[in-house]
Structure formats: structure tokens, C-alpha cells
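Participant: Curious how this folds, go ahead:
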Amino acid sequence: MSVILRDLLLGARTLRKSPGLSLVAVIALTLGIGLTTMMYSIVYGALMKGLPYEDGDRIVALVRANPERDIQRQDLPIQDFVDLQAQQRSFASLGAFTGGTMNVSGREGAQRFRGSWVTASLFAMTGVQPLMGRVFRSGEDAPGGAQVAVLGHAMWQRYLGGDANVLGSTLRVNGVPYEVIGVMPEGFLFPSGDDLWLPLQTDPLAGKRGDTE
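Facilitator: Residues are numbered from 1 along each chain as shown. Prediction:
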């Protein structure tokens, strides 16, 4: 107890003699604690707590690595995904996606949104049901499949004013017309903070093995 009291008295004398230095130290300590708390929250949310979906802790991402070129994370080519989907026995389901910026034009002019091209199985992994309509069916994610789109809640509200009759309407995405078949509930952004989803209809026979497109 005497040691603690002595330290407190020393701290009080230092504060009286150098209030500016003490203020800087307090600010630095506050920032340090704040940053540590923030980083812990990020790590806990992303790595420990898991994704905010049913059995979210069982959803994992498969990527390639190339140690010879010092590449720690690289997308899987569509050919590898097709092979894994046919041969693997470790996962209940596999899904694929590729993300990017999508130029959308419709009733409210042209805007750019973050979106992903996804396989039909990707939505089922999360266990989240659409707020309106439906998500992609098997076959719609195959080459030549239907040109259909699922909207995020925020995009539906901001871009289309929360139109209750949006299902069946047409939006042009990157110049191609897509029929809106569903709207996801608020907060659903899987897999990469998306506002819009289109079916991934890449033909695995169209490119060379090793291509990531």
C-alpha cells in the first residue's frame, strides 16, 4: 500500500510541475487504449466471433498461395473450383464469387454499386432468407442462364426508393438488362460488402487452366 501511495504522490507532484507533459501522456494513453480496444473488436468480430449468420463460424474461404512468388493470397481459377466441387468431401457445400464495381442504370439514372457475381449455393450457406422474392436457383449460375439480379436492402431503399413492386422490374447492369427477382434483408452484405448480386455464369471450358477470371 505504501508503494502505491508513494507512486500516487509522485504522479501528483509531476502533474503540478509539468501539466503540459502530463496532458500529452494522458492523451497518448487514452489513444493507445482506444486503438487496442478497436483492434480487439475487429479481430474478435472477424476471426473469433465468426460471421453473423447461422453457423457462421463454419464458413471458411479457400484461396491459393504461391510461396515461390511470395504471394500469400490468390483467387482460385474457376477450373479449380469446379474440380473441388466435384471431388471434395470435407465441406457440406462450396460456393464461388468474384466481386467488383457494377454500373447500374434504371429509373433513377446511372450509379455505381459494389456487387458480386455468385453461384446459387452461396446464399444457402448463410441461412438468410430474402426479404422479398427469391435468390438464385441452380442452373441460373450456369453459362447461358437467366439474367436475374438480387438487390441489397440499402440499394433498394436509396436507388429505388424502397419500391414494393420492384420484383420483375428490369435494371441494366454494365449495359446488360437483368430482371430483379429478390431483395435481401437489411444488413446482409455477404460476401464482400455488396449492394447487388448477379449469377456467376463463367464457363470453365472457356479459359485456360490457371486463369483467375
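Participant: And for the residue at minimal distance from the centre of the chain, nearest residue in space, chain neighbours not counted?
Facilitator: For the chain, the residue nearest the mean C-alpha position is Ser192 (2.0 Å; C-alpha atoms, centre = their mean). Counting by C-beta to C-beta, 6 or more residues apart in numbering, Ser192 lies nearest to Gly99, which is 4.5 Å off, once chain neighbours are set aside. C-beta coordinates here come from the backbone N, C-alpha and C atoms, glycine included.
Participant: what's the spacing between the residue nearest to the centre of the chain and Gln87?
Facilitator: 26 Å (C-beta to C-beta, to the nearest Å).
Participant: residues touching Asn103, list them.
Facilitator: Ala110, Gln111, Arg112, Val173, Asn174, Gly175 (C-beta atoms under 8 Å, 6 or more residues apart in numbering).
Participant: Validate this expectation: it resides in a strand.
Facilitator: Yes. The assignment for Asn103 is a strand, going by DSSP: H, G, I helix; E, B strand; the rest coil.
Participant: State the mean pLDDT of stretch 196-203.
Facilitator: Average pLDDT, stretch 196-203: 93.
Participant: residues of that stretch that come out buried?
Facilitator: Leu196, Trp197, Leu198, Pro199, Leu200, Thr202 (16 or more other C-beta atoms under 10 Å).
Participant: pretty sure the third one is touching Trp117, no?
Facilitator: Yes. Under the contact definition of C-beta atoms under 8 Å, Leu198 touches Trp117, with a separation of 5.0 Å.
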